[in-house]
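Engineer: Everything below, folded, please.
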Amino acid sequence: MLKMEHVSDIAGVRKTLDAMMAAMGAQQPPDPKQLTMEDVRVPGLAQGDPDVLVRIYRPNASDGAEGLLPALVWIHGGGMVLGRVANDDDVCWDMAVKHRCVVASVDYRLAPEHPFPAPVNDCYAALKWLAREENTRRLGVDPGRIAIGGGSAGGGLAAG
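Structural biologist: This next block holds a predicted model:
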């Protein structure tokens, strides 16, 4: 049984959450014939902001369909204090494959170490990066069909 730390011990809670996720068992990624996944670092929004990790999930053209794909910038939940990109791998794999869209999942900076507006800035930096012509072209994304969303706190940041 995993022991939950007191919520004032943010580092302990994060460690416990990571252990819980590991105990639930790693999700098996889809067949590599269905999906490619890559981690990229995109420039921070403001001068002095660190680069932002964005995990890209792209369905492979296995059904003969051609053309540009829609894209979704996905933002994980966790109250803006917990969570990370890997926590939503299964959700993002599923969305990319089932809906034939490119998913760009953002690993934004967490509070309290990085208070507002850091998480919003990181998510916006990822959106701006994805919408750049050279990136939409490289990823095969239709620049007119980019959406943004997330789970729980990620939904709040998407509205942000």
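
Engineer: Over to W129: give its phi and psi.
Structural biologist: phi -60, psi -50 (degrees, to the nearest 10).

Engineer: From what I see, it and L53 are in contact.
Structural biologist: No - W129 is beyond contact range of L53, at 11.5 Å (criterion: Cβ atoms under 8 Å). Glycine gets a C-beta too; all of them are placed from N, C-alpha and C.

Engineer: Of all the residues in stretch 96-109, which ones are buried?
Structural biologist: Within stretch 96-109, the residues that qualify as buried are 96-97, 101-109, counting by 16 or more other Cβ atoms under 10 Å.

Engineer: Ignoring the adjacent residues along the chain, who's closest to A46?
Structural biologist: Of all residues not flanking A46 in the chain, N121 sits nearest, at 6.3 Å (Cβ to Cβ, 6 or more residues apart in numbering).

Engineer: repeat for D88
Structural biologist: H76 (4.8 Å).

Engineer: Next, give phi and psi for that neighbour.
Structural biologist: phi -70, psi 160.

Engineer: Count residues in the vicinity of it, would you?
Structural biologist: 25 (other Cβ atoms under 10 Å).

Engineer: Isn't it up against N87?
Structural biologist: Yes - the criterion here is Cβ under 8 Å, and H76 meets it with N87 at 5.7 Å.

Engineer: So W129 and L53 - more neighbours on which side?
Structural biologist: W129 (20 against 17).

Engineer: pLDDT of the longest strand seen in the chain, averaged?
Structural biologist: For the chain, the strand with the greatest residue count under DSSP state E is strand 141-150. Here strand 141-150 scores 97 as its mean pLDDT.
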